[in-house]
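Engineer: below: sequence and its predicted model.
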Amino acid sequence: MSEVLPLAAAPEAVERAPKRRHPALAALRRLFRHRLFLTGLFLFGIIAFLAAAAPWITTADPNRLSMRNKFLPPGGDYILGTDNFGRSLWSRVVWGAQLSVIIGISVVALNAVFGTLIGALAGYFRRVDNVLMRINDALMAFPAILLAIGVTAMLGPSTMNVILALGIVYVPRTARIVRASVIVLREMEYVQAAVAAGAGHWRILRHHILPNAMAPMIVQLSFLFAYAVLSEATLSFLGLGAVPPTPTWGNIMAEGRDFMRDAPWIIAIPGVALMLTVLGLNMLGDGLRDVLDPRLRIQQ
Amino acid sequence: MMGVALRRLASALPVLLLVSLITFGMMRLIPGDPAAAIAGLSATPQQVAQIRADLGLDQPFLQQLVHWYGGLLQGDLGRSILMGRGVFAVTMERLPVTLGLSAYALVLTLLIGLLCGIAAALKQNTIIDQLAMVFAMIGISVPSFFLGLVMIIVFAVHLGWLPTGGYVPFAQDPWGWFRSVTMPAISLALLQAGLLARITRSTMLEVMRQDYIRTARAKGLPYHQVVFRHALANALIPITTVVGIIISLLLSGAVVTEALFSIPGIGQLLTQAVLNRDYPMVQGGLLLVTGFLVLVNIGIDLLYAVLDPRVRYE
Amino acid sequence: MQRSLLASCRPSAVAALGLALAAGIAATPAAAAPFQCPQRGGDLVFGQEANVNSLDQMTSSTISTRNIAMNIYESLVTRDENNRPILELAEKMVESDDRLTYTFTLRSGVTFHNGKALTSADVAASFDRYKRIGLQRSTLDNVDRWETPDAATFVIRMKVVQPTFIEALSSFSVPIVIIPAEHKDDAPQQLRPVGTGPFRLLEFTPGAQARLGRYDGYKPNTAYEQATGFGGYKLACLDTVTFRIVTEASARVAGLETGELQGVEDVPTKSVAALRGNRNVTVLPLENWWIQIALPNTATPPTDNLNFRRAVQAALGAEDIMDAATDGNFRLNVGFQFPNQPSYTDAGKQFYNINDIAAARRFLAQSPYKGEPITILTNRDYPAMYNAALVMQQQMKAAGINAQLRVVDWPTSVQMSQQVNSNEWHFFHSGWGTQPALGALATMQFLASPGANYRPRDDKGDPDVEAAWNDMNTKPTEAERNAAFARMQQLVMERALAYPFGSLTKVQATRANVKGFRPFRIPRFANVWMER
């Protein structure tokens, strides 16, 4: 399982002049001239399309067994071949894409809400900072995958619980990044001015701090999407993800493991799909970072 | 420096306490029966019942908690249910396996990551740069278990160059050890190498633009001297922090890699312990591992302070 | 008057021992002299599937422990190739007329791996430890005490007559292995690995491998000329045997092909064909590895209803289930024993492999079932069980039953299945391996209270089934006990208290230059040699 990369965002990133006209539009225009971003968007777009169109582009039930048709290689009646139960790999991989995207979105949403909330509270209110950050530190001290294994073992394997487990693993990391931004912003002159003007905490957070902490958050969340997809696949590969026979990429690869010598396509197809998804999301993230957080750019 | 280290250690204590509390609570909430796990498939219900009675797992939660912390205060991490041996001894037996693998992977990471990163930075916007960054991008996008599976198929099953799995202890056969951990180390290292290459490149570029580098170049110092003595030396400072993170990532990544390649390291030990509901093993083992990681991070912080004179701990 | 083992002709456990002995000799008529190693030396590496946590054979019931430990330790009595009880460390056993005393005379010249000679004090100490912490210590429940009148004699005195005592004592599920007396107080799972077997432990790296070396002081059992089961005339020909843990099936196969491993267990069916074509490899199918089985939860509706259970029974097709479970490597089999076993019976065969949807729907109509979801509890730790459950679900759906899978891990599924009066599941998937191999008595424990696997309400078993079980344990003659077993199997099938699907074949394989390795539940490396 991957951890959140340390380079996704940093506190100084937010020290820049407030934007003036249509900043969002300007950013979008720059994004659509960014080659890496476009490539990423294209790759992820394919996966997202498969996920959304799954019910219409697959004819075979991904869970229907057909013992007579087992281990068919790609090509022929089954375009991507069949697995050890004669199930259509095309159907299973496409439905797996849907699950990956759903899980990715859910984990991102959990992080956007709770990561921001906890990070903002800890960064803004010094009194709760210590307590929240100690809990955060403790959760981050666990090797990420072991924590996820423990949580899914505790809750039982299901799609919902995988999302929860990944939330518990990643929210502390997001919270820490938000907190760092908020601490810097809190000391900015315009915020201090608002405080002096008698604005309430809630108002200051909502109108002055969080909007300016958004850019690193968005970059962070785009990478997080990639980690969530990757981690879900890892968990189900280890038998701790969505309950089989639910078609997830990790499940398909785990079931294909015993046959990798004689039927390598069973693990290769979902593996390549997974790789392209993560690659696309990472490129998207790089593009977003270049445009939204120019100080952090890695790729010229 | 000593005082700083001690203070950092002291602040790590509450974190470790929380870690142990979370672990304890989580383990008790996991359904399933250690007796069934120990008994294995071929046991009869009577044998399972016998194990359950022998283990005395019916104590109330609080009593178990007090008992465990009591032992901890006396330096006793408890006894593994599954193996019947002390948790400390078992962990110390497995830790070197993971550390050996991680060290190997770290060497690969540093070699590949720094090389790609530096080459890309020096040859910015050339084909070398592009290739290095495409490689790095792929590196951070390939799931390590998928890479492991592909390597097993290609290098072990079809080419027969490397063993397919199973671990040979270094002490018994160094060459055998090297062969048995090469694929796991590569599958662990690729992600981190990609990460390191990207950071090295951007840090190097940043440093190369600094005034003192330009001054050094202007003074007519040879190019390689500027690059290695000035640019790289300064770029190493932020890279050190990343290496610290990479070490903990390697230990975490080892969980999957060890499972895939049947390597008896700490990741396997703890995963099996969780799956077998070996409560004391998970509690004690995780505490030791997180403690180890905390120490590594403190060490990195101190190293950072040594490397960068600007950083001074108050 | 006392009957000695060799002279006995009474149809009892004693006779069984005598018969087995005769069979052991008869099996090798051509061998005029005891087995000799055609070649000595060589290092064999065996790819083992599952991790080993401890080599303490007295406190572990796992196959992975037995795989290694049964090459190190020996017992007073054990089982032969056909699972009949035979003597191992004893050369003679005498059962008294009142059947309350068993007197064992130890073989002379046997030494432990530490060089110490075996005496009755060691046997008594081993029984002491087993009585204290041995996992199957209920074996000794009917034993009053044991005595050591002299260094070569060990006497067991019973509280009550137990006709099945020697059968239980010779079980290799969790055998009473003989250890040096000074190891008697070793903590559970901490037994120091010193036995009397042909191999001694050289080095054990938990999670990775165990390396055994030939014990040069081993004294073979000259009552035999060949090895049989766990006993017989055993000799270590190989220098070392390394059990290496290789959990990935493909990795084991590839390791065997490259010659990195000389033997492996559990070859996936998909790879068997390729291995058969490889002349460097010998494929050794091991039939009857386990009985693939599902059990109903009779404590909760609708599986408490006989008609519902019979509807499911009628809906199931054993062929498809076994095919999926094993990838095609199976035998259809009625009941709980295999045809090569003495107590095998096909009683209840009309309730097996019915595969009749119309009949299922008729039974269903007579049951109170109203389309509520039915939970099939299975796990993915054992793919065969998961696969069988998947097909069972499909077959039940075809009969109009709303079957759902609940996939958890093995420890959770065992815990859930053992709860009294649980309403969380309706069918539980399992595999019975060691017990069916040990015989009818060991197997039917699964269906006897307390803990009967069909989970009767309040853990009170079906009275007729319990009565048959009681007869299986207490009837004086083997024929009567076998008849009781047939009755019990008939009842279980008729009342749909279990759905045994058939027997699964597990495939072992070795390099072609490995000779003398015969497939068995536990790999035995005595009398195995390697050609150079």
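Structural biologist: The structure has been received and is ready for your questions. Residues are numbered from 1 along each chain as shown, chains lettered A, B, ... in the order given.
Engineer: and the longest strand for chain C?
Structural biologist: In chain C, assigned by DSSP state E, the strand with the most residues is strand C:281-296.
Engineer: dump that one to PDB, restricted to CA.
Structural biologist: C-alpha atoms of strand C:281-296 as PDB (Å, rounded to 0.1, in the frame of the first residue of the first chain):
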ATOM      1  CA  VAL C 281       9.100 -34.700 -12.600                       C
ATOM      2  CA  THR C 282       7.000 -37.500 -11.100                       C
ATOM      3  CA  VAL C 283       3.400 -36.600 -10.300                       C
ATOM      4  CA  LEU C 284       2.000 -38.400  -7.300                       C
ATOM      5  CA  PRO C 285      -1.800 -37.900  -6.800                       C
ATOM      6  CA  LEU C 286      -2.900 -38.500  -3.300                       C
ATOM      7  CA  GLU C 287      -6.500 -39.600  -3.400                       C
ATOM      8  CA  ASN C 288      -9.000 -39.000  -0.600                       C
ATOM      9  CA  TRP C 289      -7.200 -36.000   0.800                       C
ATOM     10  CA  TRP C 290     -10.400 -34.700   2.300                       C
ATOM     11  CA  ILE C 291     -14.100 -35.000   2.200                       C
ATOM     12  CA  GLN C 292     -15.600 -31.800   0.700                       C
ATOM     13  CA  ILE C 293     -18.600 -31.100   2.900                       C
ATOM     14  CA  ALA C 294     -21.300 -28.600   3.800                       C
ATOM     15  CA  LEU C 295     -23.300 -28.700   7.000                       C
ATOM     16  CA  PRO C 296     -26.700 -27.300   7.800                       C
END
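Engineer: any buried residues in it, and which?
Structural biologist: Burial within strand C:281-296, assessed by neighbour count using 16 or more other C-beta atoms under 10 Å in any protein chain shown, is assigned to C:281-284, C:286-296. In this view, the C-beta of every residue, glycine as well, is placed from N, C-alpha and C.
Engineer: that one pairs with which strands, and in what direction?
Structural biologist: Here strand C:281-296 has these sheet partners by DSSP bridges: strand C:427-432 (antiparallel), strand C:499-511 (antiparallel).
Engineer: just the closest of the buried residues of strand C:281-296 to A:Leu28, please.
Structural biologist: Among these, C:Ala294 lies closest to A:Leu28 (C-beta to C-beta), at 58.1 Å.
Engineer: residues from chain C in reach of chain A?
Structural biologist: Neighbours of chain A within chain C, by C-beta under 8 Å from any C-beta of the partner chain: C:248-250, C:253-254, C:268, C:270-271, C:274, C:320, C:323-324, C:327, C:380-381, C:383, C:386-387, C:390-391, C:394, C:405-409, C:412.
Engineer: which bits of the stretch 51-200 of chain A sit near chain C?
Structural biologist: The stretch 51-200 of chain A comes close to chain C at residues A:65, A:67, A:71, A:84-85, A:153, A:156-157, as judged by C-beta under 8 Å from any C-beta.
Engineer: pick the one among the residues you listed closest to C:Val110.
Structural biologist: When these are compared against C:Val110 (criterion: C-beta to C-beta), the nearest one is A:Ala153, at 46.9 Å.
Engineer: burial of the residue lying closest to C:Lys184 once chain neighbours are set aside, as a residue count?
Structural biologist: Distances taken as C-beta to C-beta, 6 or more residues apart in numbering or on different chains put C:Ala125 closest to C:Lys184, at 4.0 Å, once the chain neighbours are dropped. Using other C-beta atoms under 10 Å in any protein chain shown, C:Ala125 has 20 neighbouring residues.
Engineer: doesn't C:Ala125 belong to a helix?
Structural biologist: Yes: secondary structure of C:Ala125 (DSSP: H, G, I helix; E, B strand; the rest coil): part of a helix.
Engineer: tell me the secondary structure of the closest residue to chain A within the stretch 1-150 of chain B, please.
Structural biologist: Residue nearest to chain A within the stretch 1-150 of chain B: B:Leu18 (3.5 Å; C-beta to the nearest C-beta). The three-state label given to B:Leu18 by three-state DSSP is helix.
Engineer: any idea how many residues pack against it?
Structural biologist: The tally of other residues near B:Leu18 (other C-beta under 10 Å) stands at 18.
Engineer: where does the stretch 1-150 of chain B dip in pLDDT?
Structural biologist: Within the stretch 1-150 of chain B, the ranges that satisfy pLDDT under 70 run B:1, B:57-58.
Engineer: centroid residue for the chain?
Structural biologist: Picked chain A for this. With distances taken as C-alpha atoms, centre = their mean, A:Phe225 lies nearest the centre of chain A, 1.4 Å away.
Engineer: I was after chain C.
Structural biologist: Central residue of chain C (C-alpha atoms, centre = their mean): C:Thr434, at 1.8 Å.
Engineer: mind checking the SS state of the closest residue to it other than its chain neighbours?
Structural biologist: Once flanking residues are discounted, C:Thr434 sits nearest to B:Ser42: 3.8 Å by C-beta to C-beta, 6+ apart. What three-state DSSP gives for B:Ser42 is coil.
Engineer: tell me the contacts of B:Ser42?
Structural biologist: Under the criterion of C-beta atoms under 8 Å, 6 or more residues apart in numbering or on different chains, the neighbours of B:Ser42 are C:61-63, C:173, C:433-435.
Engineer: is stretch B:257-271 anywhere near chain C?
Structural biologist: Yes: applying C-beta under 8 Å from any C-beta, one finds stretch B:257-271 touching chain C at B:259-264, B:268-269.
Engineer: adding secondary structure and neighbour count, write these out as a markdown table.
Structural biologist: What follows is the residues of stretch B:257-271 next to chain C, written out as a markdown table (DSSP: H, G, I helix; E, B strand; the rest coil; neighbours: other C-beta atoms under 10 Å in any protein chain shown):
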| residue | secondary structure | neighbour count |
| --- | --- | --- |
| B:Ala259 | helix | 22 |
| B:Leu260 | helix | 26 |
| B:Phe261 | helix | 30 |
| B:Ser262 | coil | 27 |
| B:Ile263 | coil | 26 |
| B:Pro264 | coil | 23 |
| B:Gln268 | helix | 26 |
| B:Leu269 | helix | 30 |
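Engineer: which of these lies closest to C:Arg511?
Structural biologist: Comparing these against C:Arg511 with C-beta to C-beta picks out B:Ser262 as the nearest, at 20.2 Å.
Engineer: how much space separates the closest one from B:Val181?
Structural biologist: From B:Ser262 across to B:Val181, the span is 11 Å (C-beta to C-beta, to the nearest Å).
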